[in-house]
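Colleague: give me a 3D structure for the following:
(one chain, ligands or ions: 1)
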Amino acid sequence: METSQNTEPKTVSKSHNPWAAAYESAFMKACRREKTEYTPIWLMRQAGRYQASYRAIREKVSFLELCKNPKLASQVTVQAVEDLQCDAAIIFADILLLLEPLGAGLEFAKGDGPVIHNPVKLADDVKRLRSYSTASEIGYVMDAIKLTRSQLPENIPLIGFSGAPFTLASYLLEGGASKNFEKTKIFMYKNQEAFSSLMTLLSDLIIEYLLAQAASGAQAVQLFDSWVGCLSQSDYELFVQPHMMRIITAIQNGHQASNPGGAHLPVIHFGTSTAHLLPNLAAAKSDVIGLDWRLPLNKGWDIIGTDFAVQGNLDPVVLFAPQAEIKKQVQLILDQAKGRNGHIFNLGHGILPGTPVENVKYLIEIVHEYSRI
Ligand code: 1CP
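Modeller: Numbers count the residues shown, from 1 in each chain. Predicted coordinates for the structure are as follows:
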């Protein structure tokens, strides 16, 4: 496998620039709300258990070993794009990797999802979390990004990502996955100062991490606030929104400062069950807002307004339906987006493990075919 010799992002110049083709891709144009010849599509969790090639690799290595091996992580990332013929790659990693160097005791237990062995229970536990440098302690993600950028076709942009602080904090406080987020909310109400310190600590790491991913070759970044929809609007405003505003501003300013005159770094701000929070998400001023399927795409877009591109919003369960139903639902979403620049097709949440591969490929084909002008 070739290793990359020249992976530093460059400003767009007239001489050959390995970043120019990705910059002019349909995905990047849609992030900038420019007109595209067809609607670009990529899928959250496009690399994963629904693919036989992924399952074959996972028979040999654990999930954490896969994430920490840049060669394998890069292979899985590129394979998904080649198989699906989608319009963007997302680096293979996990939002929870950021928690491991804090001393959280991260484990992906077989069949049970993630486990945090040292959850935060008391206000003082926040003080015991160890701050660290993302470049050195999770440098394997940056290495995987460099390698992936050198392996991907030049016109396929590479998306970097991080969990957003609330969603990451929820794993630290619950000790794993949760339905009702009681431990998270009780801690947040009881220990408001410690909760704010935790959110600040995570936000600092996220900013450093996403800027390092961009410096290594990620051309857009997504913040996954998957579980923030469990909060009321007033709690979101008080406990989360200031942190999201700080993170997105710091990423955009930090990227500009290290690449004067260079390409803007689009930020995608994603959450689920956020219909009631959309004006608050918009206040953080990302470039793109990810919408789930609970609200029609056009209604979500009307709420956030025309200053944003949108990503979404097919229900992942529709991919288990007959292809005629998939086609109908895709056409509905594309019709709702018609006449506006800046739609990136995606699911409203990640691909589910048992999804039929042929339906995922069919989805991508019909999005391209039906949206082509
Ligand atoms: O092999 C396996 O069984 C591991 C399954 C798996 C995979 C393929 C996990 C465990 N993570 C991933 C990869 C992953 N996770 C990617 C890769 C890139 C791609 O999209 O192709 C990404 C972007 C994530 C992000 C992620 N991890 C999120 C945010 C998105 C979302 O789904 O809301 C979350 C919440 C996680 C935590 C996580 N990691 C893995 C699981 C099963 C979970 C969810 C646990 C839960 O329900 O709380």
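
Colleague: please enumerate the strands of this protein.
Modeller: Ranges of strands within the chain are 89-90, 106-109, 113-116, 158-163, 220-225, 267-271, 288-290, 309-314, 343-347, based on DSSP state E.

Colleague: report pLDDT for the residue nearest to Arg372 when sequence neighbours are not counted.
Modeller: Excluding its sequence neighbours, the residue lying closest to Arg372 (Cβ to Cβ, 6 or more residues apart in numbering) is Tyr38, at 4.5 Å. Bear in mind the C-beta positions are built from the backbone N, C-alpha and C, glycine included. Listed pLDDT for Tyr38 reads 98.

Colleague: count the residues that sit near Tyr38.
Modeller: 16 (other Cβ atoms under 10 Å).

Colleague: go on, Lys68?
Modeller: The burial count assigned to Lys68 is 19, neighbours taken as other Cβ under 10 Å.

Colleague: I figured it was touching Tyr140, is that so?
Modeller: Yes. Contact criterion Cβ atoms under 8 Å: Lys68 and Tyr140 qualify, at 4.9 Å.

Colleague: spit out the contact partners of the residue of the stretch 51-200 of the chain found nearest the ligand.
Modeller: Going by Cβ to the nearest ligand atom, the ligand is nearest to Ala177 of the stretch 51-200 of the chain, at 3.1 Å. Ala177 sits next to 113-114, 171 when contact means Cβ atoms under 8 Å, 6 or more residues apart in numbering.

Colleague: repeat that for Ala89.
Modeller: With Cβ under 8 Å, 6+ apart, Ala89 has these contacts: 42, 77-78, 80-81, 148, 152, 156-159.

Colleague: endpoints of stretch 264-272, how far apart?
Modeller: Start-to-end span of stretch 264-272 (Cα to Cα, to the nearest Å) is 26 Å.

Colleague: now do it: everything it contacts.
Modeller: 28, 31-32, 44, 159, 164, 214, 219-229, 244, 248, 251-252, 255-256, 277, 281, 284, 286-290, 292, 309, 311, 348-349.

Colleague: what do you get for stretch 96-110?
Modeller: Residues contacting stretch 96-110 (Cβ under 8 Å, 6+ apart): 62-64, 67, 114-119, 128-132, 134, 137-138, 141, 162-163, 168, 171-172, 202, 205-206, 209.

Colleague: what do you get for stretch 61-77?
Modeller: 1, 47, 53-54, 57-58, 89-94, 97, 106-108, 140-141, 143-144, 146-148, 151-152, 158.

Colleague: how about that stretch and the ligand, any contact?
Modeller: Yes. Against the ligand, stretch 61-77 shows contacts by Cβ under 6 Å from any ligand atom at Phe63.

Colleague: repeat that for stretch 290-297.
Modeller: No. Against the ligand, stretch 290-297 shows no contacts by Cβ under 6 Å from any ligand atom, the least distance being 10.0 Å.

Colleague: kindly export that stretch (C-alpha atoms) in CSV.
Modeller: Extracted in CSV, the C-alpha atoms of stretch 290-297 (Å, rounded to 0.1, in the frame of the first residue of the first chain):
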residue,chain,number,x,y,z
GLY,A,290,-28.2,17.1,9.8
LEU,A,291,-31.9,16.3,10.0
ASP,A,292,-33.5,13.0,11.1
TRP,A,293,-36.7,11.6,9.5
ARG,A,294,-39.2,12.7,12.1
LEU,A,295,-39.8,16.1,10.4
PRO,A,296,-40.2,16.4,6.6
LEU,A,297,-37.0,17.7,5.1
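
Colleague: distance from that stretch to the middle of the chain?
Modeller: 16 Å (Cα atoms, centre = their mean, to the nearest Å).

Colleague: with stretch 83-91 instead?
Modeller: 13 Å.

Colleague: next: stretch 205-225.
Modeller: That offset, for stretch 205-225, works out to 10 Å (Cα atoms, centre = their mean).

Colleague: give me the buried entries from the contacts of Ala177.
Modeller: When the contacts of Ala177 are checked for burial by 16 or more other Cβ atoms under 10 Å, the buried set is 114, 171.

Colleague: out of the contacts of Ala177, who's near the ligand?
Modeller: Okay, of those touching the ligand (Cβ under 6 Å from any ligand atom), that's 113-114.

Colleague: now the contacts of Ala177 in JSON lines, with pLDDT?
Modeller: Shown next, in JSON lines, are these (pLDDT from 0 to 100):
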{"residue": "Gly113", "pLDDT": "89"}
{"residue": "Pro114", "pLDDT": "97"}
{"residue": "Tyr171", "pLDDT": "98"}
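
Colleague: residues in contact with the residue lying closest to Gly229 once chain neighbours are set aside?
Modeller: Leaving aside its chain neighbours, Gly229 sits nearest to Ser273 (2.8 Å; criterion: Cβ to Cβ, 6+ apart). For Ser273, the contacting residues are 229-230, 292, 294, by Cβ under 8 Å, 6+ apart.

Colleague: restrict these to the buried ones and give me that as a ChimeraX selection.
Modeller: With 16+ other Cβ under 10 Å as the criterion, this ChimeraX line picks the buried residues out of the contacts of Ser273:
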select :229,230,292
